[in-house]
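*Asks:* Dropping a prediction and its sequence here:
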Amino acid sequence: AQTVTQSQPEMSVQEAETVTLSCTYDTSENNYYLFWYKQPPSRQMILVIRQEAYKQQNATENRFSVNFQKAAKSFSLKISDSQLGDTAMYFCAFMKRLNRDDKIIFGKGTRLHILP
Amino acid sequence: EPEVTQTPSHQVTQMGQEVILRCVPISNHLYFYWYRQILGQKVEFLVSFYNNEISEKSEIFDDQFSVERPDGSNFTLKIRSTKLEDSAMYFCASNGGAGTGELFFGEGSRLTVL
């Protein structure tokens, strides 16, 4: 069975700083997706960034980038120039790529506070 | 931009009552999901649904739970006889099946069982 582990329950950084959220996972699959989802106080789960395991290049989306280490099964999220609106719960997630209807498995989340 | 919508946003019910949570997935999506998040805890998979039948369900999804897509647009989660521990946020999600792996989530329905 797949598992996703986020070892940082809560973090705080000053606005404009860079912050890295950690995530490790365990799987015997070779092809899979990894995600970071953001859940602001408004509750909705919003996709921040996605990585396909067969791609060696780390995904980037504006201020958000990942450090994907497949051998180490590590998938950290870096937020550059953090903004107050980045305050949210961040979930690392895993999905097998085998079937289109496969479920996503979430980690326990990291609560991120951006301080003014 | 298309979005997944859920109703109600918050429901309070007495233990033992039946509850139906409703979701309208994105219109051309084919795969549907329910997840649960107990306050302060992780988001847990409940059930996936495709082609009018359950694809997979978790241990949480026992005989008290059921899902259906009654009219081709709504996707509902029914809890027959609610328990205190069913109090949680319930998220609906849909997937277009285009191979992107992305699930689109609704804003959630908060269920409080008294």
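*Replies:* Yep, that arrived. What you are looking at is a predicted structure, and each value in this text was computed from that prediction instead of being measured.

*Asks:* The residue nearest to A:Asp102 when sequence neighbours are not counted: neighbouring residues, count only.
*Replies:* Excluding its sequence neighbours, the residue lying closest to A:Asp102 (CB to CB, 6 or more residues apart in numbering or on different chains) is A:Lys96, at 4.7 Å. For the C-beta atoms, the positions are set from N, CA and C on the backbone; glycine is no exception. Look at A:Lys96: counted by other CB atoms under 10 Å in any protein chain shown, it has 17 neighbours.

*Asks:* next one: A:Thr3
*Replies:* 12.

*Asks:* residues in contact with it?
*Replies:* By CB atoms under 8 Å, 6 or more residues apart in numbering or on different chains, the residues touching A:Thr3 are A:Tyr25, A:Asp26, A:Ile105.

*Asks:* roughly how far apart are A:Pro109 and B:Glu53?
*Replies:* To be clear, residue A:109 is Gly; Pro isn't right here. A:Gly109 sits 31 Å away from B:Glu53, taking CB to CB, to the nearest Å as the criterion.

*Asks:* Which one's more surrounded, those two?
*Replies:* More crowded of A:Gly109 and B:Glu53, by other CB under 10 Å: A:Gly109, with 23 against 9.

*Asks:* Show me the strands in chain B, by range?
*Replies:* Assigned by DSSP state E, the strands in chain B fall at B:5-7, B:10-13, B:19-24, B:31-37, B:43-50, B:53-57, B:65-68, B:75-79, B:88-95, B:104-105, B:109-113.

*Asks:* Could I have the CA atoms of the fifth one written out in CSV?
*Replies:* Taking only C-alpha atoms (Å, rounded to 0.1, in the frame of the first residue of the first chain), the coordinates of strand B:43-50 have been written out as CSV:
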residue,chain,number,x,y,z
VAL,B,43,-8.1,13.9,4.0
GLU,B,44,-9.3,10.3,3.6
PHE,B,45,-10.5,8.5,0.6
LEU,B,46,-14.1,7.1,0.8
VAL,B,47,-15.2,5.9,-2.6
SER,B,48,-14.6,6.3,-6.3
PHE,B,49,-17.3,5.9,-9.0
TYR,B,50,-17.2,5.4,-12.7
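
*Asks:* and it, is it in reach of chain A?
*Replies:* Yes: Strand B:43-50 is in contact with chain A by CB under 8 Å from any CB of the partner chain, via B:Val43, B:Glu44, B:Phe45, B:Ser48, B:Tyr50.
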